[in-house]
Structure formats: structure tokens, C-alpha cells
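# Take a look and give me a structure for this.
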Amino acid sequence: MEHDGQGISRGRYLDKDVKPKRKKLGPEKWLDKHLASEPGGVPTVDDNKRIPPPKYIYIAGPLNVDSDDEKVNVQNAIILAQTIIEMGGVPYLPHLTLFWDKQFKHPHEYWMKLDIQWLLKCDAVYRMYGNSDSADEEVQAAITAEPRIPVLFTYPALLDFIRGGD
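Numbering: from 1, shown residues only. This is a model prediction of the structure:
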């Protein structure tokens, strides 16, 4: 790939001085393309078959708002979310509503109701290590959902689930 001096890369089109037309990708197409380009991204199958859709994983774990552990817990959850992407999954990280709540205050029950709605859309729940009544409530919601949503507790189980196990 060659550069034109303005930070724009042009591949085989350089000699024709023609810029390729780019299709705008919708959010789902962009995510599929992004995950497929990442190491360990969307698992590929035989070229004649369709690539299976990614698994959506809800992350349930401790937050401990207004404690010394809050920052560490959010950081650990973000690291886990990135790991899930690298495994080929799509994480939902309820810990990030902490920042939303700093701008628009709501009671804890409000956030739990919102989180449970997202949880019910996911393919599985990953329960992080640590004490958390809210995460335990989320696990209970997954177990009692109809159909039941699997709850995963280890990285090997998470990887197996994302890569095709049920």
C-alpha cells in the first residue's frame, strides 16, 4: 500500500488515481467486519457456508459504587469486555451506566430494570468473580428467563460458548 503524502493510503488504485467507492456499513455490518478483522474474531467456516452470527454476552459483576473498588471493578469489566470481543463475542457492559448516572441520576432499581432488559436480549451471561447482590440478581434473571439464558463462570466455558458451544 502506498501513501499520497496526505495520510491517505491507496492500494492498487494509485496508478489509476481512482479512489475506490466505499459502501457505508450499518452498525451490524460494521461490527461483523470489525470482529472478523480482529485476531480471534468471528469464527470463519467453509467459504460455501454462512459465518455464524456472534454471541452476545452480558457481563454481570461487582461495581460497588462510591467505594475504593469502583474504579478497579469497572476497569476489570472493561478488560473482560475487550477479551470477549477478541474471542469473537459481543459484550454488553452494564458497568458503563455508572457514567450515565453521574449525569442523569436515577435510583438503583431504574438501572437494574434497564440492565435486565438488555440481559434478556443476550445469548449468555458471564458472572465475574466478586460479591455483588446486583450481579446475583442478574444471574437469577437469566436462570428464570424463558428460555433459560446460560450463565458462564470461567474463561474456558466463555470461549467454548462464543466459538460455537451451547
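# Quick check, residue 131 in contact with residue 63.
No. The pair residue 131 / residue 63 is not scored as a contact, 10.9 Å apart, by CB atoms under 8 Å. Just so you know, the C-beta spots here come from the backbone N, C-alpha and C atoms, and that holds for glycine as well.
# For those two, work out which one has more neighbours and name it.
Legend: neighbour count by other CB atoms under 10 Å for residue 131 and residue 63, higher for residue 63 (20 against 9).
# Now for the more buried one: which residues touch it?
70, 73-74, 95, 98, 132, 134 (CB atoms under 8 Å, 6 or more residues apart in numbering).
# mind putting those residues in a markdown table, neighbour count, pLDDT and secondary structure included?
Shown next, in a markdown table, are the contacts of residue 63 (neighbours: other CB atoms under 10 Å; pLDDT from 0 to 100; DSSP: H, G, I helix; E, B strand; the rest coil):
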| residue | neighbour count | pLDDT | secondary structure |
| --- | --- | --- | --- |
| 70 | 15 | 86 | helix |
| 73 | 21 | 92 | helix |
| 74 | 20 | 93 | helix |
| 95 | 23 | 94 | helix |
| 98 | 16 | 90 | helix |
| 132 | 18 | 92 | coil |
| 134 | 18 | 95 | helix |
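# any chance of those residues in JSON lines, with distance to residue 117 too?
Converted to JSON lines, those look like this (distance: CB to CB, whole Å):
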{"residue": "70", "distance to residue 117": "24"}
{"residue": "73", "distance to residue 117": "22"}
{"residue": "74", "distance to residue 117": "21"}
{"residue": "95", "distance to residue 117": "16"}
{"residue": "98", "distance to residue 117": "18"}
{"residue": "132", "distance to residue 117": "19"}
{"residue": "134", "distance to residue 117": "15"}
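# Among those residues, which one lies nearest to residue 162?
residue 95 (19.7 Å; CB to CB).
# wait, what's in contact with the closest one?
Applying CB under 8 Å, 6+ apart to residue 95 gives the contacts 59, 61, 63, 73-74, 77-78.
# what's the burial count for the closest residue to residue 129 other than its chain neighbours?
In space, residue 129 comes closest to residue 61 once its chain neighbours are excluded; the distance is 7.6 Å by CB to CB, 6 or more residues apart in numbering. Using other CB under 10 Å, residue 61 is surrounded by 21 other residues.
# what do you get for residue 122?
For residue 122, using other CB under 10 Å, the count is 21.
# Next one, pLDDT for it please.
Looking at residue 122, its pLDDT is 97.
# hey, where'd the strands end up in this structure?
Along the chain, the stretches classed as strands by DSSP state E are 2-3, 9-10, 56-60, 90-92, 124-127, 151-152.
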